[in-house]
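Participant: Sequence below, structure please.
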Amino acid sequence: MTTIKKSWNRIGVAILGAFGLSAAQYVLSADPLRMTDLPSNHGHVNTKLFLGDGENQPLIVGFGGAEGGNLFASDVVRPAVNGYLAKGYAFLAIGYFDAPGAPKVMDRIALEAVHDAIAKAAADPKVNKRCIAVLGGSKGGELALVLASYYPDIKAVIGLVPGSAVFAAHTDTMDTSAWSLNGKALPFVPVPQSAAPFFFPPNRNLRLAWEEMLKDKAAVDKAAIAVERINGPILLVSATRDEYWPSTEMSEAVGHRLKSKNFPYKFQHVAIEGQHNDVYAHPNLSEEFLRVNLLQESTAGCPRSRE
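Facilitator: Below is the predicted model:
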């Protein structure tokens, strides 16, 4: 998708600004988990709820990635949203940054604000509030996993080329967390000096930059998403030749963590032979996962053992 490609280019530009003319001059803030200097609309999101004609509709919540805006409310993906409506779902599109009313930049986005928007949509009398799934691509896949790890009313997760840990905000300095919860920034994997050359021509290679970040095992472990807390099945779709970040390796890391924690629900990882955006050519994977794990369960309220 063109918007996704542009978003990763913008990330590169932002990081170039972070490192300035000399990568050696880059130093992570002494207080990377600070919650100061936030915009006045911190804690706001942009939403659009799409409803079908039926009752008791399971709710799918869609997050775009680093392109910003409210992707699932746009004309670009409206045919996909209409397809879900025709199958009996309701669909909530959420823009968490660079969308009307939301913060301009992805920086310490308030998870509670995202969840409040979901709860408000789930209160609609046509929606089955006990049957909620989140679906996100790229950075939105990271958000889907993080959000579901904190809120048990989310009963299924789909992450397309997702991250396995919390990464940095997309500010000029990239020295704060992408996410916060109840006024506290979440620990994140910092951007090391060794990653800097891969943001600069002629060596620009975003995947290698992320691989450098992931070498800090202690930081990765601290920022790893607690996916074992998710209250339902998980589908991850990665790209084996992902040129933006190692989505297959990170999806495998999620699987290893779930296995080590004796995760009680179904976990499925499908590695598509292709690049980052090629996963969007396989909507059947998400549709089948939702059919089995959300739509068919909706009449029973999508019960889960850890409610």
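
Participant: Tell me, how many residues neighbour residue 282?
Facilitator: If you count neighbours by other CB atoms under 10 Å, residue 282 ends up with 14. Where C-beta positions appear, they are placed from N, C-alpha and C, glycine not excepted.

Participant: Give me the nearest residue to residue 151, chain neighbours excluded.
Facilitator: residue 115 (5.1 Å; CB to CB, 6 or more residues apart in numbering).

Participant: now swap in residue 42 and tell me
Facilitator: Among residues not flanking residue 42 along the chain, residue 103 sits closest, at 5.9 Å (CB to CB, 6+ apart).

Participant: That neighbour contacts residue 37, correct?
Facilitator: No - with contact defined as CB atoms under 8 Å, residue 103 does not reach residue 37; the gap is 11.8 Å.

Participant: So the two - more neighbours on which side?
Facilitator: Taking neighbours as other CB under 10 Å, residue 103 and residue 37 compare with residue 103 leading, 23 against 10.

Participant: doesn't the more buried one fall inside a helix?
Facilitator: No - remark: residue 103 does not belong to a helix; assigned using DSSP: H, G, I helix; E, B strand; the rest coil, it is coil.

Participant: for the protein, what's the longest strand?
Facilitator: Identified as the longest strand of the chain according to DSSP state E is strand 127-137.

Participant: what about the helices in the stretch 151-300 of the chain?
Facilitator: 206-214, 217-223, 247-260, 283-290 (DSSP state H, counting those that start in this stretch).

Participant: Which neighbouring elements make contact with the first one?
Facilitator: In this structure, helix 206-214 makes packing contacts with helix 2-19, helix 217-223, judged by 3 or more CB pairs under 8 Å, 6 or more residues apart in numbering; DSSP states H and E.

Participant: hey, least reliable of these by pLDDT?
Facilitator: When the helices and strands packed on helix 206-214 are compared by mean pLDDT, helix 2-19 comes last with a mean of 44.

Participant: State the next helix or strand along the chain beyond that one.
Facilitator: Next helix or strand after helix 2-19 toward the C-terminus (DSSP states H and E): strand 46-50.

Participant: Run the angle between that next one and strand 127-137 for me.
Facilitator: Orientation check (axes from the mean of the first three to the mean of the last three CA atoms, to 10 degrees): strand 46-50 against strand 127-137 gives 120 degrees.

Participant: Pull up the pairing partners for strand 46-50, direction included.
Facilitator: Partners of strand 46-50 in the sheet, by DSSP bridges, are strand 90-95 (antiparallel).

Participant: Kindly export the partner strand (C-alpha atoms) in CSV.
Facilitator: In CSV, the C-alpha atoms belonging to strand 90-95 read as follows (Å, rounded to 0.1, in the frame of the first residue of the first chain):
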residue,chain,number,x,y,z
ALA,A,90,-19.6,-3.9,13.1
PHE,A,91,-16.3,-2.1,12.4
LEU,A,92,-14.7,0.7,14.4
ALA,A,93,-11.9,2.6,12.6
ILE,A,94,-9.6,4.4,15.0
GLY,A,95,-7.0,7.0,14.1
